[in-house]
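**Student:** got a structure for you, letters missing:
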């Protein structure tokens, strides 16, 4: 549970998502679990998870496509998720968050988004082996990296982090900070919280 002054004052809070997003913007968060702590420890960075944004005109809201372990109902496969940005940034899942933009055209960003959505609709599952050489299963950074690689851009800038063998037999992987620090990143804007009175 969060223990902010906002909550102590009998208020609730959520991330302020009133931002000029575009399809293909990337969203970052740091969760509360052991896996998030492991990623931030090895990368020495603030964020542990990444997804891609698109606006769903039928739902009239911003949605996120992302690959995440541990959030599927028990007994069900850990398919890529397609969920509202409000769920992605739920304070129960995110202790901090940000959004970032890749230096590319709107059309390239939109195509990258469509690639991720297609992978979600194909029911691609989470890659627990964290293998960049195998795209039949995907982890969060691998998903967005491949989406833009198809547009001729390595958004990681070639950056890699060494990872222990119990995580990946490739001994390296792409972390959110590798994409943050890539030469295709225009900006990374931290998200703020909004407070509301509890009912």
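**Tutor:** Arrived safely, thanks for sending. Just so it is clear, the structure is predicted and the values come from calculations on it, not from any experiment.

**Student:** surely residue 135 touches residue 142?
**Tutor:** Yes. Using C-beta atoms under 8 Å, residue 135 is in contact with residue 142, at 7.4 Å. C-beta: built from backbone N, CA, C; applies to glycine.

**Student:** the spatially most central residue of the chain: helix or strand, and which one exactly?
**Tutor:** Of all residues in the chain, the one closest to the mean position by C-alpha atoms, centre = their mean is residue 50, 1.7 Å from it. Assessed by DSSP states H and E, residue 50 sits inside strand 49-56.

**Student:** do the same with residue 111
**Tutor:** Going by DSSP H and E, residue 111 is in helix 106-121.

**Student:** need the strands for this structure, in chain order.
**Tutor:** Listed in chain order, the strands of the chain (DSSP state E) span 11-15, 26-30, 49-56, 61-66, 81-84, 96-102, 125-126, 137-138, 161-162, 172-173, 185-190, 193-197.

**Student:** out of these, deepest packed?
**Tutor:** Comparing these by mean neighbour count (mean count of other C-beta atoms under 10 Å), strand 26-30 ranks first with a mean of 25.

**Student:** which helices and strands sit right next to it?
**Tutor:** Taking 3 or more C-beta pairs under 8 Å, 6 or more residues apart in numbering; DSSP states H and E as contact, the helices and strands that strand 26-30 lies on are strand 49-56, helix 85-88, strand 96-102, helix 176-180.

**Student:** by contact count, what packs against the longest one?
**Tutor:** Read it as strand 49-56. strand 26-30, strand 61-66, helix 106-121, helix 140-149, helix 176-180.

**Student:** can you list those in a markdown table and add distance to residue 86 and mean pLDDT?
**Tutor:** As requested, the helices and strands packed on strand 49-56 are exported to a markdown table (distance: least, C-beta to C-beta, whole Å; pLDDT from 0 to 100):
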| stretch | distance to residue 86 | mean pLDDT |
| --- | --- | --- |
| strand 26-30 | 11 | 96 |
| strand 61-66 | 8 | 98 |
| helix 106-121 | 18 | 98 |
| helix 140-149 | 18 | 98 |
| helix 176-180 | 20 | 96 |
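
**Student:** alright, that wraps it up for me.
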